[in-house]
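Student: Give me the fold of what follows.
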Amino acid sequence: MPLTDRRAERRDLLVGAAFTLFGDGGEAAVSVRSVCRACGLNTRYFYESFPDTDELLGAVYDDVSRQLGEAVALAMDAADDTPRARARAGMAAVLGFSSADPRRGRVLFTDARANPVLAKRRLVTQDLLLDAVVAEDGRLHPGADPISALVGAAMYTGAMAELAQQWLAGNLGNDLDAVVDHALARVLG
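Tutor: Numbers count the residues shown, from 1 in each chain. Model (predicted):
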């Protein structure tokens, strides 16, 4: 196996171990030693991929965020080509993905607000999501006022982040379809 492939494999092991440790125990559970112990690697391999645990946590966030983006894209692509169906599919995918493995929700929504590294990554992701919502609005409503689209996208992305937070906290019950239906009714009327 080429050296670059071995390095990539070790990096993936480190990210996976950090995801498990962080998801189960929070930031305090993630140290160079704990991550290396969890994946069975020597600490020198940690420093081969990351200068510190902050960069590792950033990589964990990026990985889970990428997976979420893929899940949302697949769900929306499978939905009927109407604003209601696509919005419903996207909402359900965000909430379902985040709660299917509570560690995902912790990385993306819960601890991402308090941890400075994750908060910074979260802001970048929010901007990308905002751009995606504006693009979706433009696709569904060609010629719409661009300021109106930006306002709607800002409101939608902020509301989705809070909805996910409340869902993960268990404040909205346990019926995903009902929560999505209520959210959809509020957003689209």
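Student: Tell me who's in contact with the most centrally placed residue in the chain.
Tutor: Taking Cα atoms, centre = their mean, the centroid of the chain lies closest to Ser65, which sits 3.4 Å from it. By Cβ atoms under 8 Å, 6 or more residues apart in numbering, the contact set of Ser65 is Leu108, Arg121, Thr125. Any C-beta I mention is one placed from the backbone N, CA and C, and that applies to glycine too.
Student: most surrounded residue in those residues?
Tutor: Leu108 (25 neighbours; other Cβ atoms under 10 Å).
Student: That residue contacts Ser98, doesn't it?
Tutor: Yes - under the criterion of Cβ atoms under 8 Å, Leu108 makes contact with Ser98 at 6.0 Å.
Student: Report the set of residues contacting both of those two.
Tutor: Leu68, Ala164.
Student: which other helices and strands contact the helix or strand of the chain with the lowest mean pLDDT?
Tutor: Taking mean pLDDT, DSSP states H and E as the measure, the helices and strands of the chain show their lowest mean at helix 116-140, namely a mean of 86. For helix 116-140, the contact count by 3 or more Cβ pairs under 8 Å, 6 or more residues apart in numbering; DSSP states H and E identifies helix 53-78, helix 83-100, helix 146-168 as packing neighbours.
Student: Could you break this structure into its assigned domains?
Tutor: 1-50, 54-188 (automatic domain parsing).
Student: Which of those domains has the lowest mean pLDDT?
Tutor: Sorting those by mean pLDDT places domain 54-188 lowest, at a mean of 91.
Student: now it, how far from the chain's geometric center?
Tutor: Relative to the centre of its chain, domain 54-188 is centred 8 Å away, using Cα atoms, centre = their mean, to the nearest Å.
Student: cool, and stretch 3-19?
Tutor: That offset, for stretch 3-19, works out to 20 Å (Cα atoms, centre = their mean).
Student: which of the helices and strands packed on helix 116-140 sits most buried?
Tutor: Scoring the helices and strands packed on helix 116-140 by mean neighbour count under mean count of other Cβ atoms under 10 Å gives helix 83-100 as the most buried, with a mean of 19.
Student: Report the angle between the least confident helix or strand of the chain and helix 53-78.
Tutor: In terms of direction (axes from the mean of the first three to the mean of the last three Cα atoms, to 10 degrees), helix 116-140 departs from helix 53-78 by 20 degrees.
Student: just to revisit the earlier point, pipe the helices and strands packed on helix 116-140 into a markdown table and attach distance to Val187 per row.
Tutor: Converted to a markdown table, the helices and strands packed on helix 116-140 look like this (distance: least, Cβ to Cβ, whole Å):
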| stretch | distance to Val187 |
| --- | --- |
| helix 53-78 | 15 |
| helix 83-100 | 7 |
| helix 146-168 | 7 |
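Student: Looking at these, spot the one closest to Glu27.
Tutor: Among the helices and strands packed on helix 116-140, helix 53-78 comes nearest to Glu27, with 7.3 Å by Cβ to Cβ.
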